[in-house]
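Asks: here is a sequence with its predicted model. Questions after.
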Amino acid sequence: MKRAHVSGRTRSWGLGLLLGVVCVVAGCKKDPDGADAKPVEPVVTLGQENVARAEARALQSGPGISGTLQARTAAAVRAEVGGTILDIKAEQGQRVKKGEELARIEAATLRDQLLAMRTTVRSASSALQVARAEEERSAGLAKAGVITQRDYERAQLGVSQAEGQLAEARSRLALAQEQVGRSRIIAPFDGVVSERQASAGDVVQPGSPLFTVVDPRTLRLEASVPAARLEQVKPGTSVEFQVTGYGERSFSGKVERINPVVDPATGQVRIYVAIPNTDLELLAGLFAEGRVVSQERRALAVPVDVIDASNGGPAVMRIQDARVQRVPVTLGLRDDVAQQVEVRSGLHAGDLVLLGSARDEVREGSRVKVEAPRPESKPVADDGPGVGGSEAPPPAPKQQGQAPSTQPSTQGTAEGATSPAR
């Protein structure tokens with residue numbers, strides 16, 4: 001009896017140990033209200049400002065330039081004679097044709113001088129006729145031996161002097177006529193009056209500024225480029241630029257001339273860019289900023305801010321199958337104005353990559369979810385369609401570069417979408 005009792009206790013202890021081992025191996029769950037619930041993998045929620053899409057873009061590269069637009073053809077119209085301005089016929093902003101009268105200067109004195117010169121010309125012409133008649137008579141008398149050869153030569157000299165006096169009188173007459181004509185201020189070419197410096201009644205002297213006329217159909221941009229990058233600039237090279245007051249609109253021109261001398265103080269070379277302006281949209285005097293387009297092509301590109309070069313070669317953090325992967329990439333042409341860089345290998349069109357602070361804060365292998373874009377907004381770094389599975393706007397908009405956030409998921413353990421507490 002005693003032996004049988006001991007054997008029963010041994011069997012009871014062995015059964016309890018077996019049940020304990022099975023429970024450990026099977027990972028027994030406690031009640032949902034208990035403290036040892038099964039952990040769920042966190043999901044990092046990303047906004048549209050945290051991602052960018054790799055897509056084909058037009059990339060340009062070349063030295064940057066800036067300067068002021070200037071009228072390629074401009075003239076400062078000045079008074080060529082002195083006097084009182086009688087009439088002003090052109091105002092600022094008025095279009096004028098070549099030869100059109102802009103103003104008129106009082107020319108009564110000049111007309112009097114013109115009349116005197118005409119009288120002088122008539123007198124000199126008469127004196128020449130008398131001298132020539134005297135020469136003819138002297139020639140006959142000298143041939144008959146009535147006068148000496150010396151008297152005949154004196155008559156010839158009188159003709160030469162009379163011819164000289166007539167030529168001088170005619171020259172003075174032409175000058176007087178020209179002076180009277182200069183009292184009319186005319187436009188030197190087709191253009192627009194940009195400045196008017198005188199008014200009716202002003203007394204001006206020769207050389208006094210009256211008008212400034214410009215031809216706005218052709219403008220010129222004078223800018224400088226570093227001498228070290230001069231090999232990228234050639235006559236005829238395209239130039240893309242933007243002008244203050246025209247928003248994001250771009251304009252183009254071509255390098256016309258390159259100054260052959262480098263500025264020793266700055267190490268810059270002056271270039272001159274011809275800008276067609278046939279539609280008269282641009283105005284002289286505006287500030288322009290752009291670049292010489294030494295290279296241009298269309299290629300797969302991403303924003304410069306997605307590139308991570310901290311661990312050796314360049315790489316990006318790509319989102320694939322809702323997880324973050326670090327992908328090495330090969331870079332090409334860099335567009336410093338658009339802040340885009342060509343990706344020659346490592347990505348495909350349409351790939352999503354982390355941008356800004358998300359690139360540094362989200363670790364490789366993390367599970368992520370990208371919020372849908374707001375209907376009234378568009379992705380900061382992507383002009384194409386947005387990403388995400390819902391059209392509902394996010395609870396609160398984020399600013400570009402804002403760190404990603406983690407939120408608890410309501411999908412339960414079947415989805416595995418809960419995030420750890422902050």
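Replies: Happy to help now that I have it.
Asks: check what contacts stretch 358-370 and list those residues.
Replies: Stretch 358-370 has contacts (CB atoms under 8 Å, 6 or more residues apart in numbering) with 41-48, 50-51, 305-306, 308, 316-317, 319, 322-326, 352-354, 387-388, 403-404, 417. The C-beta positions use only the backbone N, C-alpha and C, and glycine is treated the same way.
Asks: what about burial for those residues, which qualify?
Replies: Neighbour-count burial (16 or more other CB atoms under 10 Å) is assigned, among the contacts of stretch 358-370, to 42-48, 50-51, 305-306, 308, 316-317, 319, 324, 352-354, 387-388, 404, 417.
Asks: that older thread, so which of the contacts of stretch 358-370 belong to strands?
Replies: Residues of those located in strands (DSSP state E): 44-46, 51, 316-317, 319, 323-326, 352-354.
Asks: which other helices and strands contact the host helix or strand of Val239?
Replies: Val239 is part of strand 238-243, with elements assigned from DSSP states H and E. Contact partners of strand 238-243 among helices and strands, from 3 or more CB pairs under 8 Å, 6 or more residues apart in numbering; DSSP states H and E: strand 64-78, strand 250-262, strand 287-292.
Asks: ok, the last one: who's next to it in the sheet?
Replies: Okay, so that is strand 287-292. Within its sheet, and counting by DSSP bridges, strand 287-292 is paired with strand 64-78 (antiparallel), strand 238-243 (antiparallel).
Asks: what's the most buried one of those strands?
Replies: Ranked by mean neighbour count, the strands paired with strand 287-292 are led by strand 238-243 with a mean of 20 (mean count of other CB atoms under 10 Å).
Asks: identify the residues contacting that strand?
Replies: By CB under 8 Å, 6+ apart, strand 238-243 touches 60, 65, 69, 221, 248-255, 273, 282, 286-293, 296.
Asks: same thing with stretch 122-137?
Replies: The contact list for stretch 122-137 (CB under 8 Å, 6+ apart) reads Ala155, Gln156, Gly158, Val159, Gln161, Ala162, Glu163, Gln165, Leu166, Glu168, Ala169, Arg170.
Asks: I'd like the average pLDDT over it.
Replies: Mean per-residue pLDDT for stretch 122-137: 91.
Asks: can you show me the helices along the stretch 101-250 of the chain?
Replies: Secondary structure of the stretch 101-250 of the chain, counting by DSSP state H, counting those that start in this stretch: helices at 108-144, 149-182.
Asks: would you turn these into CSV with distance to Ala301 and mean neighbour count?
Replies: Shown next, in CSV, are the helices of the stretch 101-250 of the chain (distance: least, CB to CB, whole Å; neighbours: other CB atoms under 10 Å):
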stretch, distance to Ala301, mean neighbour count
helix 108-144, 70, 15
helix 149-182, 62, 15
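Asks: could I get the ones you listed as JSON lines with distance to Ala74?
Replies: Formatted as JSON lines, those follow (distance: least, CB to CB, whole Å):
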{"stretch": "helix 108-144", "distance to Ala74": "29"}
{"stretch": "helix 149-182", "distance to Ala74": "21"}
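Asks: among the ones you listed, single out whichever gets nearest to Gln268.
Replies: Checking those against Gln268 by CB to CB gives helix 149-182 as the closest, at 42.8 Å.
Asks: now that closest one: mean pLDDT?
Replies: Averaged across helix 149-182, the pLDDT comes to 90.
Asks: got it, and stretch 54-65?
Replies: On average, the pLDDT along stretch 54-65 is 87.
Asks: one step back: mind putting the ones in strands among the contacts of stretch 358-370 into CSV with distance to Gly267?
Replies: Putting these into CSV (distance: CB to CB, whole Å) gives the following:
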residue, distance to Gly267
Val44, 48
Thr45, 50
Leu46, 45
Val51, 41
Val316, 36
Met317, 40
Ile319, 45
Arg323, 50
Val324, 45
Gln325, 45
Arg326, 41
Leu352, 43
Val353, 38
Leu354, 39
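Asks: any chance of JSON lines for the helices and strands packed on strand 238-243, columns distance to Glu364?
Replies: Listed next are the helices and strands packed on strand 238-243 as JSON lines, based on distance: least, CB to CB, whole Å:
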{"stretch": "strand 64-78", "distance to Glu364": "36"}
{"stretch": "strand 250-262", "distance to Glu364": "39"}
{"stretch": "strand 287-292", "distance to Glu364": "36"}
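Asks: looking at these, which is nearest to Ser138?
Replies: Nearest to Ser138 among the helices and strands packed on strand 238-243 is strand 64-78 (53.1 Å), distances taken as CB to CB.
Asks: can you check what angle separates that closest one from strand 250-262?
Replies: For strand 64-78 against strand 250-262, the angle by axes from the mean of the first three to the mean of the last three CA atoms, to 10 degrees is 80 degrees.
Asks: check which element follows strand 64-78 along the chain.
Replies: strand 83-88.
Asks: got the CA coordinates for that following strand in CSV?
Replies: The C-alpha coordinates for strand 83-88 follow below in CSV (Å, rounded to 0.1, in the frame of the first residue of the first chain):
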residue,chain,number,x,y,z
GLY,A,83,17.2,128.2,-78.5
THR,A,84,13.8,128.0,-76.9
ILE,A,85,11.7,124.8,-77.2
LEU,A,86,8.5,125.8,-79.0
ASP,A,87,6.6,122.5,-79.0
ILE,A,88,6.9,119.0,-77.5
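Asks: beta partners of Ile319?
Replies: With DSSP bridges as the rule, Ile319 is bridged to Val324, Leu352.
Asks: same deal with Glu222?
Replies: With DSSP bridges as the criterion, Glu222 is bridged to Tyr272.
Asks: neighbours of Leu221, just the number please.
Replies: Using other CB atoms under 10 Å as the criterion, Leu221 is surrounded by 28 other residues.
Asks: and it, how far from Ser252?
Replies: 11 Å (CB to CB, to the nearest Å).
Asks: shared neighbours of those two, anything?
Replies: Common contacts of Leu221 and Ser252 (CB under 8 Å, 6+ apart): Val239, Phe241, Ile275.
Asks: tell me, what's the model's pLDDT at the second one?
Replies: According to the model's per-residue confidence, Phe241 sits at a pLDDT of 90.
Asks: what's the burial count for the spatially closest residue to it that is not a sequence neighbour?
Replies: Spatial nearest neighbour of Phe241, excluding adjacent residues (CB to CB, 6 or more residues apart in numbering): Gly290 at 2.6 Å. Counted with other CB under 10 Å, the neighbours of Gly290 add up to 24.
Asks: who's Gly290 bridged to?
Replies: Ile65, Phe241.
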